[in-house]
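[1] everything below, folded, please.
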Amino acid sequence: MRQKFSQISVVICLCSLLAACSSGPETPEFCSLGKTTSPKKATSRPYQIKGIWYYPQPHYEYEEEGMASYYGGGDIFHGRPTATGERFDMNEVTAAHKTLPLPCVVKVVNLENGREIDVKVNDRGPFVEGRIIDLSRRTAQLLGFEKKGTAKVRVYTLVPESLALNGIDPSSVMLVKALPPPPSLVTESPPPPAAVVMTTSLPEALFEDQEETPLLAAVEPPPPPKKAKVSASTGIFVDVESYANQAEASALSHSLTQNMTSPVQSVTNKGPQPYAVRVGPFPSLSQANLALDQLADAGHLKSRIVIR
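    Here you go, the predicted structure:
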């Protein structure tokens, strides 16, 4: 009877331990399914528009291709509060999405001309069938479809940038994801240590002609870290055109040098058009945007901002 009671007690203790492990507090940075959970906010709650319910996703990971539109071109939305409480400014680089966590950062690629840009999502929409994202007027200008009104795009979230935007250290999330799974509750007992057999004596010859050595050796301090050299290939650039012929790239580079105040360089890439022309680096994204507008006005509509 006593043995049966002891077995029942052990089972109850194990169940309590399992319940305690499974009911711990959830961390906002890590999802057990391998996705990055977003913090719960007022914008995380389901909402209804025109009789349709929308359910914001609880994680940042997202990628989709579809049609993009823009809003803010002289309409009533300019200056009004967004879903996050910020004031909508049609001249800022922002966007609206129906179910992404707010706020977050996405990469929008115009599949019709190759332009791409990082955009902060801080509003809900578009509530028009067949469209996956609504961009501000400025974003539409930079992506080159303001006059057309819509464009086919690919949208995907930038998880580290989204975490940083919400005050979460991205490195801590990567550390959590890299941790191994917790050990099992039931573990085998370690094997007993091997017996140590001591000899009665050691030959004295082993100790002959051996000098005494200090316990601590002098350790030289490590050399100071070398300062990283800033490469001319890193920074904010505008890629203008790519050619299969090096002479065409050189001609464009020479032409742009006469008209652009920023450095113009010829670079090589992999692919069928390896000779490219690049302008930059620029000290800020705003100056790169000005150069992008200047190039677009000159007819270089395939120009795009790249950050290396």
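[2] elements contacting whichever strand or helix holds residue 286?
    Assigned by DSSP states H and E, residue 286 belongs to helix 285-297. Packing contacts for helix 285-297, counted by 3 or more Cβ pairs under 8 Å, 6 or more residues apart in numbering; DSSP states H and E, involve helix 137-143, strand 236-243, strand 275-282, strand 304-307. For glycine as for every other residue, the C-beta is placed from the backbone atoms N, C-alpha and C.
[3] export those to a markdown table and tack on distance to residue 154 and mean neighbour count?
    Output for the helices and strands packed on helix 285-297, formatted as a markdown table (distance: least, Cβ to Cβ, whole Å; neighbours: other Cβ atoms under 10 Å):
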| stretch | distance to residue 154 | mean neighbour count |
| --- | --- | --- |
| helix 137-143 | 12 | 23 |
| strand 236-243 | 17 | 21 |
| strand 275-282 | 21 | 22 |
| strand 304-307 | 13 | 17 |
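[4] between those, which gets nearest to residue 72?
    Distance to residue 72, taken as Cβ to Cβ, is lowest for helix 137-143 among these, at 4.3 Å.
[5] next SSE after that closest one?
    Sequence order places strand 150-157 as the next helix or strand after helix 137-143, per DSSP H and E.
[6] circling back to that earlier point, nearest to residue 252, out of the helices and strands packed on helix 285-297?
    Per Cβ to Cβ, nearest to residue 252 of these: strand 275-282, 5.0 Å.
[7] which other helices and strands contact the closest one?
    Contact here means 3+ Cβ pairs under 8 Å, 6+ apart; on that basis strand 275-282 packs against strand 236-243, helix 246-259, strand 264-268, helix 285-297.
[8] what's the average pLDDT for stretch 238-255?
    For stretch 238-255, the mean per-residue pLDDT is 84.
[9] CA-only coordinates of that stretch, as PDB, when you get a sec.
    Extracted in PDB, the C-alpha atoms of stretch 238-255 (Å, rounded to 0.1, in the frame of the first residue of the first chain):
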ATOM      1  CA  VAL A 238      21.500  54.500 -57.100                       C
ATOM      2  CA  ASP A 239      21.900  51.800 -59.800                       C
ATOM      3  CA  VAL A 240      21.100  53.400 -63.100                       C
ATOM      4  CA  GLU A 241      21.400  50.900 -66.000                       C
ATOM      5  CA  SER A 242      23.100  47.600 -66.900                       C
ATOM      6  CA  TYR A 243      24.500  46.700 -70.300                       C
ATOM      7  CA  ALA A 244      25.900  43.700 -72.100                       C
ATOM      8  CA  ASN A 245      28.400  46.000 -73.900                       C
ATOM      9  CA  GLN A 246      31.100  47.800 -71.800                       C
ATOM     10  CA  ALA A 247      31.300  50.700 -74.300                       C
ATOM     11  CA  GLU A 248      27.600  51.600 -73.700                       C
ATOM     12  CA  ALA A 249      28.100  51.600 -69.900                       C
ATOM     13  CA  SER A 250      31.200  53.800 -70.300                       C
ATOM     14  CA  ALA A 251      29.300  56.200 -72.500                       C
ATOM     15  CA  LEU A 252      26.500  56.600 -69.900                       C
ATOM     16  CA  SER A 253      29.000  56.900 -67.100                       C
ATOM     17  CA  HIS A 254      30.800  59.700 -68.900                       C
ATOM     18  CA  SER A 255      27.500  61.500 -69.700                       C
END
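[10] which residues does it contact?
    The contact list for stretch 238-255, computed with Cβ atoms under 8 Å, 6 or more residues apart in numbering, reads 256, 264-266, 269, 271-280, 282, 288, 291-292, 295, 300, 302-306.
[11] pLDDT below threshold where in the chain?
    Across the chain, the ranges flagged by pLDDT under 70 are 1-34, 73-76, 173-234, 308.
[12] domains of it?
    The chain breaks down into these domains under automatic domain parsing: 42-165, 236-307.
[13] let me know which of the helices and strands packed on strand 275-282 is the nearest to residue 44.
    Between residue 44 and the helices and strands packed on strand 275-282, the tightest spacing by Cβ to Cβ is seen for helix 285-297, at 29.1 Å.
[14] can you redo the helices and strands packed on helix 285-297 as TSV with distance to residue 47?
    As requested, the helices and strands packed on helix 285-297 are exported to TSV (distance: least, Cβ to Cβ, whole Å):
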stretch	distance to residue 47
helix 137-143	24
strand 236-243	37
strand 275-282	39
strand 304-307	33
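[15] and of those, who's closest to residue 168?
    Between residue 168 and the helices and strands packed on helix 285-297, the tightest spacing by Cβ to Cβ is seen for strand 304-307, at 21.4 Å.
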